[in-house]
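[1] Please work out how this folds:
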Amino acid sequence: MDFQKRQKQLTRYLLKTTDTLEWKEQELIERLEITSAEWEKIVTGRRYVLIDEFCRLAESLEVNLDDFYNEKLSLSELKRRMTVGPDHFLPEKYMLAQQSRMRTSASLLDFIGLRHGPLARQRILRKLQVSEAMVENREQMVNMGFFIDICDTVKSYGCSDDFLVEMGGFSSTSNRNSSFAREFEKLSGPKEVYESLVDTLGVHFEKNHQYSIGKLTSSLCDIRSRPNPAVLEALKAKKLGSKNSCLARQGVATSFALYHGHRNVVVEETKCIHRGDPECVYRVKWAPLPVEKFHSGLSFIN
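    The predicted structure follows:
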């Protein structure tokens, strides 16, 4: 596309944004870091908004630049965000059928920040229009779409399937100071942890799925998961999640063995609703710890 034509389009979008957000002229001038005379030229069509000015506006709004530049940002949602304040705002799509604790998504973001740095974490949050303050309250309920969108966004940036599984597995590290982690430490090993898993998932993680335990031995556990019919009805959906979110959930399934120091944990999704099966089944396997290395507590994995 011709550069001047794109500048003209951005200028129209800027004026549309100004009208939607009901900004006063002076506020926009300050956000763009231009003079009143320069703004007058933009309004009267004597010049277009410059790319760096548009970038400054995106930064001041704390929104994803790519979405803002490509006019994919919901201006109505942006207006609501500015009205209630970013620290108290959730996009509407994350407010319907809120059956996930924020910790389910926060651990993914913790891993992204650790592996790729705070700017990568910030980029994803801005793209999804969720603030750090909202993520900090890990007990808060949120729609599972937040978890799914993080996974799909990470995949769109070129991360591998293995990265998604590892990202999900970071749950044990991210939640190591939680009340349920302390309860897990009191148990004798992974087998007992997985025996108590169904109740733990419902109370501390999410109720989007109905979980049950299939085969369970001293070194293997089959975790069965079916979509919660009530959530499907609320979302008017035929199935939940995506292939990418299923990969992250595989990682979450392995994380429970890590509370007792097991590092050689592998998982296989033997059934998946995204492959046409009626349920997802995560088969987790772990090797017994050497006697001299075994003890409970998360300090082993640090």
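[2] Low-confidence bits of this protein, can you list those?
    Applying pLDDT under 70 to the chain picks out residues 1, 289-302.
[3] for it, what's the longest helix?
    Counting residues, the longest helix in the chain under DSSP state H turns out to be helix 3-21.
[4] packing partners for it?
    Contact here means 3 or more C-beta pairs under 8 Å, 6 or more residues apart in numbering; DSSP states H and E; on that basis helix 3-21 packs against helix 36-43, helix 51-61, helix 75-84. Heads up, the C-betas are built off the backbone N, CA and C, glycines and all.
[5] want to throw those into TSV with mean neighbour count and distance to Ser160?
    Output for the helices and strands packed on helix 3-21, formatted as TSV (neighbours: other C-beta atoms under 10 Å; distance: least, C-beta to C-beta, whole Å):
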stretch	mean neighbour count	distance to Ser160
helix 36-43	14	44
helix 51-61	16	29
helix 75-84	15	31
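[6] Glu233: which of those is closest?
    helix 75-84 (24.6 Å; C-beta to C-beta).
[7] Packing partners of the helix or strand following that closest one?
    Using DSSP states H and E, the helix or strand that follows helix 75-84 in sequence is strand 100-101. The contact analysis (3+ C-beta pairs under 8 Å, 6+ apart) places strand 100-101 against strand 141-142.
[8] what's in contact with the strand it packs on?
    Applying C-beta atoms under 8 Å, 6 or more residues apart in numbering, the set of residues contacting strand 141-142 from outside is 90, 94-95, 98-102, 105.
[9] mind listing what's buried in the helix or strand following that strand?
    Toward the C-terminus, strand 141-142 is succeeded by helix 145-156 as the next helix or strand (DSSP H and E). Across helix 145-156, burial judged by 16 or more other C-beta atoms under 10 Å covers 145-155.
[10] Stretch 81-101 too?
    81, 89-91, 94, 97-101.
[11] related to what we said a few turns ago, taking their axis directions, whichever helix or strand comes after the longest helix of the chain and helix 36-43 sit at what angle?
    Of the helices and strands lying after helix 3-21 in sequence (DSSP H and E), the nearest is helix 25-32. Helix 25-32 and helix 36-43 are oriented at 100 degrees to each other (axes from the mean of the first three to the mean of the last three C-alpha atoms, to 10 degrees).
[12] Output helix 25-32 as CSV, restricted to C-alpha atoms.
    What follows is helix 25-32, C-alpha atoms only, in CSV (Å, rounded to 0.1, in the frame of the first residue of the first chain):
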residue,chain,number,x,y,z
GLU,A,25,-8.5,18.3,22.2
GLN,A,26,-5.8,19.2,24.8
GLU,A,27,-5.6,15.6,26.1
LEU,A,28,-5.0,14.2,22.6
ILE,A,29,-2.4,16.9,21.9
GLU,A,30,-0.5,15.8,25.0
ARG,A,31,-0.7,12.1,24.2
LEU,A,32,0.6,12.8,20.6
